[in-house]
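Novice: no sequence for this one, just the structure:
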């Protein structure tokens, strides 16, 4: 976890990705996170394919199921710095960021 926290201090060096649906993301999300819904796998891959493969990426969802699927896809595509934070709460904790609630 300390590696994640130190990486998160360099906010321009990481991407926080919420893989829940747009509706879930609209209700609450980690500040600065981007929403890429894993349930639409084709769009998910199209959205992340041009990311730098060495960028720190932190993935989360509601329970950890979808985030683990996303991590598998990213690793298969050659991403090397991917962390599965599992839940919204864990992602906020490890990044030190607040949760935006609407």
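Specialist: Arrived safely, thanks for sending. These numbers were taken from a predicted model, which means no experiment stands behind them. Numbers count the residues shown, from 1 in each chain.
Novice: dump the residue contacts of residue 67.
Specialist: Residue 67 sits next to 19, 38, 59, 60, 61, 84, 85, 86 when contact means C-beta atoms under 8 Å, 6 or more residues apart in numbering. (Glycine included, C-beta is placed from N, CA and C.)
Novice: out of these, who has the most neighbours?
Specialist: Taking other C-beta atoms under 10 Å as the neighbour criterion, residue 60 ranks highest of the contacts of residue 67 with 29 neighbours.
Novice: OK, contacts around that residue?
Specialist: Each residue near residue 60 by C-beta under 8 Å, 6+ apart is listed here: 16-19, 30, 33, 67, 84-88, 90-91.
Novice: So it: helix, strand or coil?
Specialist: Following DSSP: H, G, I helix; E, B strand; the rest coil, we place residue 60 in the strand state.
Novice: now residue 51: how far from residue 34?
Specialist: With distances taken as C-beta to C-beta, to the nearest Å, residue 51 is found 10 Å from residue 34.
Novice: er, residue 55 I mean
Specialist: 12 Å.
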